[in-house]
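**Q** Quick one, fold the following:
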Amino acid sequence: MRRPIDLATLYQPWPPSPLQDVQDEWLARRGVELRLKRDDLIHQWLSGAAGAHAPVDLYPPGNKWRKLTPNLRAAVERGHTRLLTFGGAYSNHIRAVAAAGAAYGLSTVGVIRGDELADAPRNWSLARAEAHGMELAFVTRSAYRETLRGLGEDDPGTLRALEERWGRAYVLPEGGTNVLAARGAAELVAELPDLPDLGPGDVVCCAVGTGGTLAGIAAALPPGARAVGFAVLKGAEGYLDREVAALHERGWGRAFANWRIEHGYHGGGYGRVPAELEAFAAGFEARHGVRLERRYVAKLLWGVYGLVERGELAPGSRVTAVVTGPPDPAGPPGP
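**A** The predicted structure follows:
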């Protein structure tokens, strides 16, 4: 039986994730500087603080830790012993919640979209969540959508139904994005060593699945600097923009005009990796020695290079691209 980590570690500061300069001749000829905020390496920083009894792979990968930490604190402070959340078959968030629960002695439930997966062999992602002790509940896609809609509307009946089935639990939304998560993501900006000097030439970029990371970054940037998100979902125009704006209103009580979302680099939809994107990612890996996760990170960098080629990132731009997580150990999943 794994011994839970001391809850005090939830409140201690972590070292910043590395910032890596990318020497790229193609970008240099166009006067654009690129650096990577390596949040995919966060788990390596965390391992030392937790003690030898907690292996590195126990930790949530990448920037999911930033979004989870404030929610874990809230759950513990409110006396919860169970976390309940939602996701798909390859959800990074599902694995992250499972790992966090195992680390801090909290039971976890993952409601998984797709009841046909219940009797199928577990993929590597769901198998890892179960290995961390998460109970998986597979529901139909219609029931999944209905539950999420009820939670989004603060329907007491939806919450009551969840509690009747799994008992009292701290409920995290799909993807883990809420105001607390966005505030956790905002701490990323404070780690940039040249923060006081960020200005009109600075653009901080990230992939966008639910909008929490982009919302936090935009809210934390100093005047002049901008944030650009690259949607990984097809057909999310308007929806994701409204989600980010709503997070700003709920979390900061105001709107921010320093961000936008690009919707042209999703590659056909979540989990889809067309040949052009694969060729770009493989080329980047070969030139710079950084392996790229395909569903989020590769699309982000594909978009950055696309904006440079279109002239929308002008000479003199300094781009900080957030590498939100590591590659899948089994390779990218199919659609």
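**Q** any idea how far the residue nearest the centre of the chain lies from residue 42?
**A** Nearest to the mean C-alpha position of the chain, by Cα atoms, centre = their mean, lies residue 64 at 4.9 Å. To residue 42, residue 64 is 9 Å away according to Cβ to Cβ, to the nearest Å. Where C-beta positions appear, they are placed from N, C-alpha and C, glycine not excepted.
**Q** try residue 321
**A** With Cβ to Cβ as the criterion, residue 321 and residue 42 are 16 Å apart.
**Q** by contact count, what packs against the helix or strand encompassing residue 138?
**A** Applying DSSP states H and E as the criterion places residue 138 in strand 135-139. If you count contacts as 3 or more Cβ pairs under 8 Å, 6 or more residues apart in numbering; DSSP states H and E, strand 135-139 packs onto strand 107-113, helix 124-131.
**Q** my guess is the residue nearest to the centre of the chain meets residue 177, correct?
**A** No - here residue 64 lies out of contact with residue 177, judged by Cβ atoms under 8 Å, at a distance of 10.5 Å.
**Q** need the next SSE after the least confident helix or strand in the chain by mean pLDDT, C-terminal direction.
**A** Taking mean pLDDT, DSSP states H and E as the measure, helix 42-50 is the helix or strand of the chain with the lowest mean score, a mean of 58. Following helix 42-50 in sequence order, the next helix or strand is helix 64-77 (DSSP H and E).
**Q** Would you mind getting the angle between the strand holding residue 138 and helix 124-131?
**A** 130 degrees (axes from the mean of the first three to the mean of the last three Cα atoms, to 10 degrees).
**Q** Just want the angle from the helix or strand following strand 135-139 to strand 135-139.
**A** Scanning forward in sequence from strand 135-139 by DSSP H and E, the next helix or strand is helix 141-152. Inter-element angle recorded for helix 141-152 and strand 135-139: 110 degrees (by the same axes, to 10 degrees).
**Q** Tell me which residues touch residue 210, please.
**A** Residues in contact with residue 210, defined by Cβ atoms under 8 Å, 6 or more residues apart in numbering, are 173-177, 240, 243.
**Q** Which ones among those residues map onto helices?
**A** Per DSSP state H, helices hold the following members of the contacts of residue 210: 240, 243.
**Q** Which of the contacts of residue 210 ranks first by neighbour count?
**A** residue 176 (27 neighbours; other Cβ atoms under 10 Å).
**Q** Can you give me the distance of the closest residue to residue 237 other than its chain neighbours to residue 233?
**A** Spatial nearest neighbour of residue 237, excluding adjacent residues (Cβ to Cβ, 6 or more residues apart in numbering): residue 263 at 5.1 Å. Separation of residue 263 from residue 233 (Cβ to Cβ) stands at 9 Å.
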